[in-house]
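Participant: Here you go, sequence then predicted model.
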Amino acid sequence: MDVIETLKADYNRFPKDQTYSLYAEDVYFKDPMNEFRGRDRYQTMLGFIDTWFRNPQLDLHSIQRNGNEIRSDWTLYWTTPLPWQPRIQIPGWSELTLNSDGLISSHVDYWKCNKWDVVKQHIPGLAN
């Protein structure tokens, strides 16, 4: 299984039918809102996105591997289930580390905006 090709397919299907077998059982995950260990918790987090957000989409702009490091650049979109249904977007990137078994042992997401920028997208008249 080619990890890059599998990740590309996962981005295309996000958040449904992800290839969780790519991740180590004790994978470390961090983004601006979460920090935890465990493939089960990672799967639960993606399940939350799939359940509570409308039309989640993760557009992959680039992905590259250098040894046991992988970087992907992306934009995450979703529609928040509020009466005015704001379409939210977060540009960012992920830095993944593969362990000696070729499994993802660390997945750290970075946003190219701050949390307040995301909140403002939910408030009519504040989003730019």
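Facilitator: Received, thanks.
Participant: Every contact and neighbour count from this point should use C-alpha atoms.
Facilitator: Noted.
Participant: Name the SS class of residue 6, please.
Facilitator: The three-state label given to residue 6 by DSSP: H, G, I helix; E, B strand; the rest coil is helix.
Participant: What segments of the protein are strands?
Facilitator: Assigned strands in the chain, in chain order: 23-30, 35-37, 54-66, 69-79, 87-98, 104-111 (criterion: DSSP state E).
Participant: confidence score at residue 128?
Facilitator: For residue 128, the pLDDT comes out at 57.
Participant: the longest helix in the chain is where?
Facilitator: helix 39-52 (DSSP state H).
Participant: other SSEs contacting that one?
Facilitator: Counting by 3 or more Cα pairs under 8 Å, 6 or more residues apart in numbering; DSSP states H and E, the packing neighbours recorded for helix 39-52 are strand 23-30.
Participant: what about the strand it packs on, distance to the chain center?
Facilitator: On the basis of Cα atoms, centre = their mean, to the nearest Å, strand 23-30 sits 13 Å off its chain's mean C-alpha point.
Participant: Please name every helix or strand in contact with it.
Facilitator: strand 35-37, helix 39-52, strand 104-111.
Participant: Which of these has the highest mean neighbour count?
Facilitator: Scoring these by mean neighbour count under mean count of other Cα atoms under 10 Å gives strand 104-111 as the most buried, with a mean of 20.
Participant: partners of that strand, with directions?
Facilitator: Note on strand 104-111: by DSSP bridges, its sheet partners are strand 23-30 (parallel), strand 87-98 (antiparallel).
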